[in-house]
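# What follows is a predicted structure for the sequence shown.
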Amino acid sequence: MDIQTIILAAGKGSRMKSELPKVLHCLAGKPLVQHVIDSCQSLGATHCHLVVGHGSELVREKIDGGKLSITYAEQTEQLGTGHAVKMALPALSDNAPTLILYGDVPLIHADTLAQLVKLYEENPQGIALMTCDFNDPTGYGRIVRDENNQVTGIVEQKDANDQQKLITEINTGILCCNSDQLKKWIGQLNNDNAQQEYYLTDIIEMAAKDGQRIDTAQPVNLYEIEGINTLRQLSELERTWQRELANQLMEAGVTLLDPNRFDIRGKLTCGTAVTIDINFIAEGNVTIEKGAKIGANVILKNCTVGANSEIKPNSIVEDSMIGTNCSAGPFARLRPLTEMQNNSHVGNFVEIKKSTLGEGTKAGHLSYIGDSEIGQNVNVGAGTITCNYDGANKFKTIIEDDAFIGSDTQLIAPVTVGKGATIGAGTTVSNDVQPGALCISRVKQKQIEDWARPTKNK
């Protein structure tokens, strides 16, 4: 079944106190409206009609439709949800199931939407409506039912009488109905209400008067229907969602030393027996394989950490590949296009960029390795620098297998250090070093007897 969706994303969100359109504020590292689009794609929807208004150009620029076909409708005046839906009607396919969703209600699950679509399939001329029971329904539209428990309408908080305000079943705004029926009902809306707006909710009463049944479903999780109007609400939903993600990982066998200090801003895939310490952040697509350990205050972005490897505290790994049985850190920084092959080691205050470390190679501490290809079983001493940039261009350093690089060495690229070569401590290497050779560029040590240090003038 071809499913089309309308996502309402035109609001400015003045209560957010921000120039950024409300739907572009991020939750778990992704714009609110992008969460909704991704759920539609997971559901299998074919078309998405996005109603935009404030900051529409920025919204178009920032979102990713993936496989969905996205069309845009402009709502230049904020005249209510019914008016917003009306803006999208010309683009709707005829006689097709249509889901109405909200760009500031980010965490609705594809499985929950599938439940709603199934209700629609059982009653394709009526409405499948998502409702929820709240202990304190203040501020929400109430679901009105007749003596047979059939839904007959929705009354908004400002229009509700005292008896209706006691109703605890509330409207989430999410619904599915036939596009032809939707067009008919939207065309009959008026703004004769307390806010002088065109309420989408009024179509529920219209459908009931037409003799059409309104079926209801409820979400599995309350957070799925929570909307965002303030930065405080955004932060609260962020923590709720992060705890949900943490629970899923722990149920799959991942040890989180404190699930309240843990953030995923993308997708994290973990093998079994993985341990993650506090204040961990995963951005983009991150894979941590079986038995790996992640220390405190670590940031991983678009990278893979191999089985039984360890990223020690206060390290950053970005767009890199780390093999099995490796270690990095503490205070290591692996920049994009870094590859640590199996059993390699990077220690504290080592920065690597666009380089490969061969199997068994070690760079223990206080080094910069950039634009380099390092072979197997190489030792890189403390304070080593690959001088890869001449102020205009980048050049490559090649260090072959079994070489030994002494401490405080500068390798001025382009340069090659041959297999098994040794670079003495304090050497500046500006020419290729032959395999097996010893390279030293120190001046001869001098000693001056009876040396007196300079003193300050009185």
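Thanks, I have the structure now.
# Would you mind confirming that Arg261 makes contact with Ile281?
No. Using C-beta atoms under 8 Å, Arg261 is not in contact with Ile281, being 10.0 Å away. All C-beta atoms are positioned from the backbone trio N, CA, C, and that covers glycine.
# which residue sits closest to His109 in space, ignoring its chain neighbours?
Computed as C-beta to C-beta, 6 or more residues apart in numbering, the closest residue to His109 that is not its neighbour in sequence is Glu224, at 5.7 Å.
# pull the longest helix from this structure.
helix 231-251 (DSSP state H).
# what about the helices in the chain?
With DSSP H as the criterion, the chain has helices spanning 32-43, 56-62, 81-88, 110-122, 179-186, 202-209, 231-251.
# Mind listing residues that contact the second one?
It stands for helix 56-62. Helix 56-62 is contacted from outside by 9-10, 20-21, 23-24, 31, 33-34, 50, 52, 72, 74, using C-beta atoms under 8 Å, 6 or more residues apart in numbering.
# Can you select the buried ones among those for me in ChimeraX?
Remark: buried members of the contacts of helix 56-62, expressed as a ChimeraX selection using 16 or more other C-beta atoms under 10 Å:
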select :9,10,20,21,23,24,31,33,34,50,52,72
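# For the contacts of helix 56-62, work out which two are farthest apart.
Greatest spacing in the contacts of helix 56-62, by C-beta to C-beta: Gln34 and Glu74 (19.6 Å).
# For Ala307, which of the helices of the chain is the nearest?
Closest of these to Ala307 is helix 231-251, at 16.9 Å (criterion: C-beta to C-beta).
# wouldn't Phe404 be in contact with Ile374 here?
No. Phe404 is beyond contact range of Ile374, at 12.0 Å (criterion: C-beta under 8 Å).
# Between the two, point out the one with more neighbours.
Shown here are Phe404 and Ile374; by other C-beta atoms under 10 Å, Ile374 has more neighbours (25 against 17).
# Distance check, the more buried one against Ile264.
32 Å (C-beta to C-beta, to the nearest Å).
# mind listing what the nearest residue to Asp111 once chain neighbours are set aside touches?
Distance criterion C-beta to C-beta, 6+ apart; nearest residue to Asp111, sequence neighbours excluded, is Val220 at 7.7 Å. Val220 sits next to His109, Asp111, Thr112 when contact means C-beta under 8 Å, 6+ apart.
# Highest neighbour count among these?
Highest count within those by other C-beta under 10 Å belongs to Thr112, 20 neighbours.
# ok, that residue touching Leu222?
No. The criterion here is C-beta under 8 Å, and Thr112 misses it with Leu222 at 11.5 Å.
# Pull the number of nearby residues for Ala110.
The burial count for Ala110: 15, using other C-beta under 10 Å.
# scratch that, Gly436
Neighbours around Gly436, by other C-beta under 10 Å: 12.
# How about it: what's its closest non-neighbour residue?
Gly420 (4.7 Å).
# And the pLDDT at that neighbour?
Predicted confidence (pLDDT) for Gly420: 97.
# for the one 4 residues further on, same thing?
At Gly424, the pLDDT value in this model is 95.
# Could you pull up the contacting residues of it?
Gly406, Leu438, Cys439, Ile440, Ser441, Arg442.
# And for the third one, the neighbour number?
Okay, so that is Cys439. The tally of other residues near Cys439 (other C-beta under 10 Å) stands at 20.
# doesn't Gly418 make contact with it?
No. Cys439 is beyond contact range of Gly418, at 9.7 Å (criterion: C-beta under 8 Å).
# who's in contact with the spatially most distant residue from the centre of the chain?
What lies farthest from the middle of the chain is Asp450; by C-alpha atoms, centre = their mean that is 65.8 Å. Listed by C-beta under 8 Å, 6+ apart, the contact set of Asp450 is empty.
# Mind pulling up the pLDDT for it?
pLDDT for Asp450: 87.
# measure it to Lys456 for me?
21 Å.
# same check, this time on Leu166
For Leu166 relative to Lys456 (C-beta to C-beta), the value is 86 Å.
# More neighbours: which of the two?
The neighbour count for Leu166 versus Lys456, taken as other C-beta under 10 Å, is higher for Leu166 (10 against 4).
# Please report the distance of that one from Arg333.
Look at Leu166 and Arg333: by C-beta to C-beta, they are 59 Å apart.
# what do you get for Lys183?
Taken as C-beta to C-beta, the span from Lys183 to Arg333 is 57 Å.
# of the two, who's got more company?
Arg333 (20 against 16).
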